[in-house]
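structure for this input, please:
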Amino acid sequence: MSSFYNPRRKGNLYNPDISFRLSRSKIDLFLNCPRCFYLDRKLGVAQPPGFPFSLNSAVDKLLKKEFDILREIGQQHPLMKKFGVDAIPFRHEKLDEWRDPFKGITYKDKNTNFIITGGVDDIWVNPQKELMIVDYKATSKEEEVSLDAEWQIGYKRQMEIYQWLFRKNGFKVSKTGFFVYCNGKTNMDKFDAKLEFDIKIIPYTGEDLWVEDVVINAFRCLNDNKLPQGSPDCDFCRYRNAAKELEE
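Model prediction:
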């Protein structure tokens, strides 16, 4: 965690009179805890930042390079063939912008004046000319990777928001997206300064009908003049409440 973390900020606060950028991750924050969302986006008190996952970032960067080579020549990746994915990497002049977490693909919602944003990892296209949203994930565990854990609901919502954003931008989007899941091997005989991965492509059928209702609810939350209740599952709220009881 950065030693320069400032728990209070004065910029990038919600103002109903101007367009307000709302990222995919902040929508997820609202779903996880409306109180933390309100403190962050309206009052300028964000949750402490987590540690950067440098290895995950390295895997992400290398996967993009690998798929981009095949994107240029319009060919399938061997992983696509292995897992029966009938698609090729999608070429588009705005791909780098869509991948940029500080830009991403955007959509301005006229009902809320929110500019919804999200930075994708990759996009594939099938023979029906439907875009297929792709997200890269990296981990290291003994069991086979899946999407079955309760906490992975955030991964699924992430995929569905990206699908929604591309549909709002006029693209034909398949309900099927994919997670390229890289699992670092720990059963090798020796390290040899080399980390090897088992890579699995996991399909996921998304449903984005919930997104617009959540955007409206987030808008109502920010336009309320009182702090909302925290989520009972929010570790940050539990910590603040416990500390406050002892301080008082």
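
which is the next helix or strand following the longest helix along the chain?
Criterion DSSP state H: the longest helix present in the chain is helix 54-73. Reading on from helix 54-73 to the C-terminus, the next helix or strand found by DSSP states H and E is helix 78-82.

flag every buried residue along that following helix.
Residues of helix 78-82 classed as buried: Leu79, Met80 (neighbour count, 16 or more other Cβ atoms under 10 Å). C-betas here are computed from N, CA, C, even on glycine.

counting contacts, what elements does it pack onto?
strand 197-205 (3 or more Cβ pairs under 8 Å, 6 or more residues apart in numbering; DSSP states H and E).

state the pLDDT value of the spatially most central residue of the chain.
Nearest to the mean C-alpha position of the chain, by Cα atoms, centre = their mean, lies Gln158 at 4.5 Å. Predicted confidence (pLDDT) for Gln158: 97.

ok, Asn113 next?
Asn113 carries a pLDDT value of 97.

same question for Phe4.
60.

strands of this protein, residue ranges please.
Along the chain, counting by DSSP state E, strands occupy 20-23, 88-89, 105-109, 114-118, 122-125, 131-139, 176-184, 197-205.

pLDDT on the second one, on average?
Spelled out, that is strand 88-89. 98.

residues making contact with that strand?
With contact meaning Cβ atoms under 8 Å, 6 or more residues apart in numbering, strand 88-89 is reached by 67-68, 70-71, 74-77, 80, 122-125.

list buried residues within the residues you listed.
Counted by 16+ other Cβ under 10 Å, these give Phe67, Arg71, His77, Met80, Asp122, Ile123, Trp124, Val125 as buried.

now the last one: closest residue in space, sequence neighbours ignored.
Computed as Cβ to Cβ, 6 or more residues apart in numbering, the closest residue to Val125 that is not its neighbour in sequence is Phe90, at 4.2 Å.

likewise for the fifth one?
Excluding its sequence neighbours, the residue lying closest to Asp122 (Cβ to Cβ, 6+ apart) is Val134, at 3.9 Å.

number of nearby residues for the spatially closest residue to Thr117 that is not a sequence neighbour?
Excluding the flanking residues, the one nearest Thr117 by Cβ to Cβ, 6+ apart is Gly104, at 4.4 Å. Gly104 is flanked by 19 other residues according to other Cβ atoms under 10 Å.

am I right that Gly104 is in contact with Gly118?
Yes. Contact criterion Cβ atoms under 8 Å: Gly104 and Gly118 qualify, at 5.0 Å.

residues contacting Val173?
Going by Cβ under 8 Å, 6+ apart, Val173 touches Glu130, Leu131, Met132, Ile133, Gln163, Phe166, Arg167.

which of those tops the neighbour count?
The residue in the contacts of Val173 with the most neighbours, by other Cβ under 10 Å, is Ile133 (29 neighbours).

what pLDDT does that residue get?
98.

show me what the closest residue to it other than its chain neighbours is bridged to.
Distance criterion Cβ to Cβ, 6+ apart; nearest residue to Ile133, sequence neighbours excluded, is Gly177 at 4.1 Å. As for beta bridges, Gly177 partners with Tyr204 under DSSP bridges.
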